Structure formats: C-alpha cells, structure tokens
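Colleague: Based on what follows, work out the 3D shape:
(2 chains)
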Amino acid sequence: MGELQSIPWALIAPLFIVQLILMIIALIDLSKIHATNGPKWLWVIVIIFGNLLGSIVYFIAGRKQS
Amino acid sequence: MSQFSVLVQKELRESWRSFKLLWIPLVFILLGVSDPLLNYFMMDILKAVGGMPEGFEMVMPEFTPADILAASTGQFQSVGLIVLITAFVGSVSRERQNGTATLLYVRPISYVSLFLSKWVVAVLVAIVSIVAGYAASTYYTIILYGTVEWDRFFAMVGTYIIWICLVMAITLAMSASFKTVVAATITIILVLVGLIIDSFIGSFWSVSPWKLANFALALLSDYYDKTDFVITLGLSIGLIVLFIIIGIVMSKRNASTTKI
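Modeller: Below you'll find the model as predicted:
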C-alpha cells in the first residue's frame, strides 16, 4: 500500500485524465462515423490498447472523409 | 466580407464536427505535459526499470525552466507538426477529390475568401493547440522546476505562433496545388526535412525560416542576435504572404480538376 501512496497522484492524474478524454472522443467519433478505413472493431482495439498513439492514428488515418 | 465570415463559420463547424478542435489541442497538451514529468521522474523510472549495476551512480543534469520548455518545443516540432500537417493537408484537395467542392465552385464566391477562410481556421486550431500545449507544459514546469519570466515567455509563444502560421500556409498552399497524398509528402519534406537539414548544417547561415523556433527559444535565454531575429521574422512573414498567394492562385487554377 505504501508504494501506491508514495506516487504523487496530483501530478500524474491530469495526464491520465487527458488521455482518457482523448480516448473517449475517439470512441464517440467511431460510433458516429459512417464508415472507416478498415473494419471498425479493429479501430476499437487500436484506440483502447494503443493509448495516446492509438487515438491519434485513428483520427489521422481511420476516418474516411467522403 | 460577409462571404468570408460565412465561409469561416463553415470551416469552424467542419473542424468542430470532425472533432479537430478537440483532439488536436488534447494531443498538444499531452505532448507538453510529457516532457516536464518524464525529466522529473527520470531517476525513479530508471530505478523501477532496474538493470543498473551495483554502485552505479548517475548525476542528472539540473534542468532550468528554459530547458524543459525547449524539450516541449522539440516535441511540438516533430510529433506536433506532423499531426497539424496531416490534419489540415486535405482541407482543399479532399474537397476537390470527393466532389463537395462543386457545391462551392458553382457559386460566385471569391477564391481569396475561400482560401483565406481555410487558412484562418487552420491557424486558429493550431494556435489553440499551441497555447494549450505550452500552458500545460509551463504549468508543470513552474510546479516542478521554477518560474519563467512571463514577458519573455509570451514573446516566445508569439514567435512560435508565427512559425505555425507559416507551416499552415505551406500546408494549405500545397493542398491547393496537388492531390492530398502528394501535398502531404511535399509539405512534410519541406517542413520536417528542412528542420533536420537546418539542424545539421544550419550553422553556416544565420537567417532561415526554419530557425524561427530556435529563435523563439533563444528569447527565453537571451542568446540571440537581434538583427538576425528581425530578418528571419520578416522573411517568414513574407513567405506566409507568398504561400497564401500561391494557394489562392492554385485553388483557382485547379478548380476545374474537381470530381463531379
């Protein structure tokens, strides 16, 4: 328990929160969008497990713009 | 003028609906936060990863706030620029490719306001992202390392914003001139490879628009030549105007390539 409490959560928490927001935005966008480049379920996995990079890659490469 | 404001509203709505106005600033915030935190916890990270030989001692350099802001700027210059360029490189050419542009081009609109509205909105999103990123980076820098001098800090952010305006002008001019893929390639070569070349052999010349970010950082630490800085600033603003003119001319000339 001491290990967990020694982590300065006040410093690191915003990092996780911003990352979580980015992930949620990407997932909302994915659920609304008509079609993506490649199968949708693959993008769900990429966004959830790809952390920061997954969401960025989805926004740049995943959205089909037409 | 009313035409211009309508087009700006249309572009803003587009960037809001495609979440550009939301995710690009978030990416910049993450980029800005990562460097102060990573450098602050470097000792703990190395300990946790382990593999250090017994009695291994390492002296970490003492970072000044300016060093940390320089590291964050380095992040913006690589990952941040790629994100911005790829997000906006399609804004003229993609409309041509998927045919939405026909809806605009059949109307009597001026290409000046059409192109300028795209540039203004791209720059607006970029400025929001840069300011958010620097705000996050500075917040952590002040907490962990010490305060910065505010007037110099704002001068730095202002100079960096001019560099971003130039990058966006190049991006949109290329987007008006070529297809999306070609435009992305040329822009990335022009901006990022230019930056790499400038960092390798840039010491042979003192004035180039790619040095603008370095000049911005030098404003924080006072090691700069004022005349070089002013010339570079003037050159960059001239290039912004040049690329906007190229973009307007090329979007007019390429209007006929629109798919119907």
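
Colleague: Distance of the most centrally placed residue in chain A relative to chain B?
Modeller: Residue closest to the mean C-alpha point of chain A, counted by C-alpha atoms, centre = their mean, is A:M23 at 2.5 Å. From A:M23 across to chain B, the span is 10 Å (C-beta to the nearest C-beta, to the nearest Å). Quick note: C-beta positions are derived from backbone N, CA and C, even for glycine.

Colleague: averaged over its residues, what pLDDT does the helix or strand harbouring that residue have?
Modeller: Per DSSP states H and E, A:M23 falls inside helix A:9-32. Averaging pLDDT along helix A:9-32 yields 86.

Colleague: got it, and stretch B:237-253?
Modeller: On average, stretch B:237-253 scores 92.

Colleague: Next, the buried residues of it.
Modeller: Buried positions in stretch B:237-253, judged by neighbour count with 16 or more other C-beta atoms under 10 Å in any protein chain shown: B:240, B:243-244, B:246-248, B:250-252.

Colleague: Between these, which sits nearest chain A?
Modeller: B:S251 (18.0 Å; C-beta to the nearest C-beta).

Colleague: Can you classify that closest one as helix, strand or coil?
Modeller: Assigned by DSSP: H, G, I helix; E, B strand; the rest coil, the conformation of B:S251 is helix.

Colleague: Around chain A, pick out the residues from chain B.
Modeller: Proximity of chain B to chain A (C-beta under 8 Å from any C-beta of the partner chain) is limited to residues B:18-19, B:22-23, B:26-27, B:29-30, B:33-34, B:37, B:40, B:83, B:86-87, B:90, B:94, B:98, B:136, B:140, B:143-144.

Colleague: On the pLDDT front, check the closest residue in space to B:M52 that isn't next to it in sequence for me.
Modeller: In this structure, B:M52 finds its nearest non-sequential neighbour in B:L46, 6.6 Å apart by C-beta to C-beta, 6 or more residues apart in numbering or on different chains. B:L46 carries a pLDDT score of 78 in this model.

Colleague: Please apply the same query to the one 10 residues further on.
Modeller: Per-residue confidence at B:F56 stands at 71 (pLDDT).

Colleague: Could you list the low-confidence segments of chain B?
Modeller: Counting by pLDDT under 70, the ranges of chain B that qualify are B:222-224.

Colleague: For chain A, what is the nearest residue in the stretch 151-260 of chain B?
Modeller: The stretch 151-260 of chain B approaches chain A most closely through B:T180 (9.1 Å), counting by C-beta to the nearest C-beta.
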